[in-house]
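K.L.:
show me the folded form of this:
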Amino acid sequence: MKATGQLRDEHEGIKVMLDVMEKVCDKLKTTGGIDTEHFDGILEFLKVFVDKCHHGKEEELLFPALVAAGIPEKGPIAVMLKEHETGRAHVGAMSQAYGEFTAGDRSSSRQIMQEVHGYISLLRSHIDKENTILFVMADSHLSEQKQDELFEGFEKIEEDRIGLGKHEEFHDLIHKLSRIYLD
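P.N.:
A predicted model of the protein is given here:
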C-alpha cells in the first residue's frame, strides 16, 4: 500500500466519525442531552487519532517529502497546515464547552454544536482537498521507494503516538458509534 493510500483509508474512518458527530449534535439539539461516554470517545479520537497520529504523519513526514520533491510549501501544503490549526481550535473550543456542559452549564450546548458543525464542515472540505489534490500530487511526485519509506515512517508514528492496539480500539469505537447513531 502507498503511504497516501493509508492516509486515504484513515480519511474514510474520519468521515464516518464526522457523520456520527452530526447525529450526536442532532440528539443534543432535540433532547438537550449527550452520552458522555460516547462524546469522551469522540474527543479522544479527534485529539489522538486525527490530530496526533493522522495529522502528525502528514505534517512530519508527507509535507516535508512533498517540499523536497518540489511542491511549493506556500501552496496547498500551507493551506492544509492552516486547516489543521483551525481544526485544533475547533476541538479545543469543543472540549471546553463540553467541560462546561458536563459541569452543569446546559447553555454551553449551543457552543458544542457550533464547534462540532464548524469542525465537520472544515474536515469534510479538508479531506476532499487532500484526497483529490494533495495526494494526487504526492502520487505523481513521490517515487515508489519514497512512498514505502513514508509508509514505514507512518507506522512508527502510529506506534509511538497511540501505541500498539490503539488504532484497532479507535476502529472499534467508529464501528460501535456508527451502529448506534447511523444505522
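K.L.:
name the SS class of the residue of the chain most remote from its centre, please.
P.N.:
Distance from the C-alpha centroid of the chain, by Cα atoms, centre = their mean, peaks at Gly104 (28.2 Å). What DSSP: H, G, I helix; E, B strand; the rest coil gives for Gly104 is coil.
K.L.:
mind listing residues that contact stretch 133-146?
P.N.:
2-4, 7-8, 62, 65-66, 69-71, 76-77, 80, 147, 150 (Cβ atoms under 8 Å, 6 or more residues apart in numbering). C-betas here are computed from N, CA, C, even on glycine.
K.L.:
in strands, which of the residues you listed fall?
P.N.:
Judged by DSSP state E, these include no members of strands.
K.L.:
from Lys47, how far out is Gly56?
P.N.:
12 Å (Cβ to Cβ, to the nearest Å).
K.L.:
now Gly75
P.N.:
For Gly75, the distance to Lys47 - Cβ to Cβ - is 28 Å.
K.L.:
okay, now Gly5: neighbour count?
P.N.:
Here the number of neighbours of Gly5 (other Cβ atoms under 10 Å) works out to 13.
K.L.:
look at it and report its pLDDT.
P.N.:
Listed pLDDT for Gly5 reads 95.
K.L.:
likewise for Ile14?
P.N.:
So, for Ile14, pLDDT stands at 98.
K.L.:
OK, contacts around the nearest residue to it once chain neighbours are set aside?
P.N.:
Excluding the flanking residues, the one nearest Ile14 by Cβ to Cβ, 6 or more residues apart in numbering is Val50, at 5.9 Å. By Cβ under 8 Å, 6+ apart, the contact set of Val50 is Ile14, Gly87, Leu123.
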